[in-house]
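K.L.:
Structure for this input, please:
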Amino acid sequence: MDLFDKTTRAVREIGNATREQTELANLKIQKAAIEKKLESQYAEIGKRYVAYIADTFRTEPFDVTDILDVINPDLEKITEIVDQVEQKEQQFRQHSIEKDRKRALEQFENEKRKLDKAKDLDIISDLEYDEKLAKARKKFDNFEMLKKIQMQLEMDIITREEYEEKVRNILQ
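P.N.:
Next comes the predicted model:
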């Protein structure tokens with residue numbers, strides 16, 4: 001049953017992530033479509049301006065308010081979409097952090113269970129148990145910092161040696 005639950009949870013998480021990514025992609029497509037539509041309006045403004053400059057003897061002022069009236073709703077829609085994209089991306093980051101925190105807690109609980117069993121079977125002493133549990137707790141408590149250090153390594157900001165030293169310093 002445990003394997004089935006894990007599989008179900010994994011499939012659900014993948015489905016949720018896919019749905020969220022699809023929503024974000026749809027918003028970006030909407031934004032691109034509106035921007036494409038605006039290009040023709042911008043071109044019309046440019047044509048009118050060139051005609052205005054070419055005919056400098058005109059007495060009427062340069063006027064594109066009709067075009068601006070047409071594009072204002074699109075500009076507002078783009079602003080709204082950009083805000084929605086930022087919110088979605090923030091939600092993704094928050095969801096990712098929560099998922100990482102949950103994974104770190106599960107790792108800690110698994111380690112604790114393993115240590116509890118070893119202690120109950122007198123495989124390790126109380127002192128060893130306390131030391132190993134403290135190390136596992138420290139790893140859980142500092143998982144965000146450890147994740148950032150891991151990202152620094154993946155981005156080649158730090159070397160493998162620097163990574164190992166930073167991790168060692170945190171876990172001491």
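K.L.:
Would you mind identifying the next helix or strand past the longest helix seen in the chain?
P.N.:
Criterion DSSP state H: the longest helix present in the chain is helix 65-120. For helix 65-120, the following helix or strand on the C-terminal side (DSSP states H and E) is helix 126-141.
K.L.:
Buried residues, the following helix or strand past that following helix. List them.
P.N.:
As assigned by DSSP H and E, the chain's next helix or strand after helix 126-141 is helix 143-154. Residues of helix 143-154 classed as buried: 143, 146, 149, 153 (neighbour count, 16 or more other Cβ atoms under 10 Å). Placement of C-beta: from N, CA and C, glycine included.
K.L.:
what about the residue nearest the centre of the chain, distance to Glu23?
P.N.:
Among the residues of the chain, the one closest to the centroid is Arg93, at 3.4 Å (Cα atoms, centre = their mean). The gap separating Arg93 from Glu23 is 15 Å, by Cβ to Cβ, to the nearest Å.
K.L.:
And Lys6, by the same measure?
P.N.:
Per Cβ to Cβ, Lys6 is found 26 Å from Glu23.
K.L.:
and these two? which has more neighbours close in?
P.N.:
Ranked by neighbour count (other Cβ atoms under 10 Å), Lys6 and Glu23 place Glu23 first, with 14 against 10.
K.L.:
That one in helix, strand or coil?
P.N.:
Of the three states, Glu23 takes helix according to DSSP: H, G, I helix; E, B strand; the rest coil.
K.L.:
Contact partners for it?
P.N.:
Lys88 (Cβ atoms under 8 Å, 6 or more residues apart in numbering).
K.L.:
again with Glu86
P.N.:
Listed by Cβ under 8 Å, 6+ apart, Glu86 has no contact partners.
K.L.:
ok, it to Phe92 distance?
P.N.:
For Glu86, the distance to Phe92 equals 11 Å [Cβ to Cβ].
K.L.:
Ok, Gln172 next?
P.N.:
In terms of Cβ to Cβ, Gln172 sits 34 Å off from Phe92.
K.L.:
Repeat that for Glu20.
P.N.:
Glu20 sits 6 Å away from Phe92, going by Cβ to Cβ.
K.L.:
Of Gln172 and Phe92, which one has the most company?
P.N.:
Between Gln172 and Phe92, counting by other Cβ under 10 Å, Phe92 is the more crowded of the two (14 against 7).
K.L.:
Next up, the contacts around the more buried one.
P.N.:
With Cβ under 8 Å, 6+ apart, Phe92 has these contacts: 20, 24.
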